[in-house]
Every structure is written in structure tokens, then in C-alpha cells.
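**Student:** I would like the atomic coordinates for the input below:
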Amino acid sequence: MVRSAMKAFVRPLFALCVFCALPLALTGCLSHWFLESETRLQLENATEDYSIISLDVVALDGSIYSSWIRQTVLPGERSRVEEGDWIGEFKVRVKYTESKDASGDTLVDYRVLDFEGGSMYLQVTASEKGKLQYKFR
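**Tutor:** Sure, this is the predicted structure:
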């Protein structure tokens, strides 16, 4: 009698544990088996007077950065497609100059961008006030 009551209690409890463990397993590294874990990024410089020198991913405290696009992109040009394991919201650093030929002083612009994974196309434009603007297409 006690044995059958114990079986009746253990089976639903085991099923509940398995049911709860499945979503937890998918939130970790196992989710990369089902979701695309890589982002391919191409950058277009749609400005007229700025040259983009690089795009880097920066740690939140600003102490560490990793270069993603290491190519100078002159006005009207596009970069090569670069791959990286960046999915989510990241702080990026864009180095640029206020010249058409990448000469002059290097300026830096920090932004927070959201990378969804897969192939992404980032268009950089300049506002009338001279600030860089970023738009994913």
C-alpha cells in the first residue's frame, strides 16, 4: 500500500522536475544548438565627410575592447562582412575622422547597439549637427 502511494507521488514529481529543467537547459549554452550564435556585420559609411576607421565591442566598464571591423571605410563605401559571436546588447566604439581620406585627428563615438544574430547591415549617417547616427537595415 505504501509502495503504490509512493509511486503515485514520485512519477508526477519526476515529470515536473524534467518539465522545469528543460527551459533552464535551453537558456544556457545549449540554446546555441537551436539559435544562431554568430552575427555577420557589414558597415556602410553613408556620410559625406567622415571616414570610419574601426568598430570595436567594448566592456561595460570600458577597460577591454575587441576589434570587430578593422577596416577604414571611406565615405560612400562598405566594409567587408565580418563575423563575430556577438548577440545581445553591447557597447560599441566607433573610431572615425572628420575627413574624406581618413587623415586628421581620430575621434571616438560610443553607442549601445543590439545585435540579433544572423546577417546585419549597419548604415552610419551624419546628422546636420555632425553627430553620427546608426541604423540597421
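**Student:** ok, now which ones touch the most centrally placed residue in the chain?
**Tutor:** Note on the chain: the residue nearest the mean C-alpha position is F115, at 3.3 Å, using Cα atoms, centre = their mean. Applying Cβ atoms under 8 Å, 6 or more residues apart in numbering to F115 gives the contacts 39, 41, 86-90. All C-beta atoms are positioned from the backbone trio N, CA, C, and that covers glycine.
**Student:** please repeat the previous calculation with a cut-off of 10 Å.
**Tutor:** With contact set as Cβ atoms under 10 Å, 6 or more residues apart in numbering, F115 has these partners: 39, 41, 57, 68, 84-90, 92, 122, 136.
**Student:** for R70, same thing?
**Tutor:** 53-56, 79-80, 82.
**Student:** so which of those residues is the most crowded?
**Tutor:** L55 (26 neighbours; other Cβ atoms under 10 Å).
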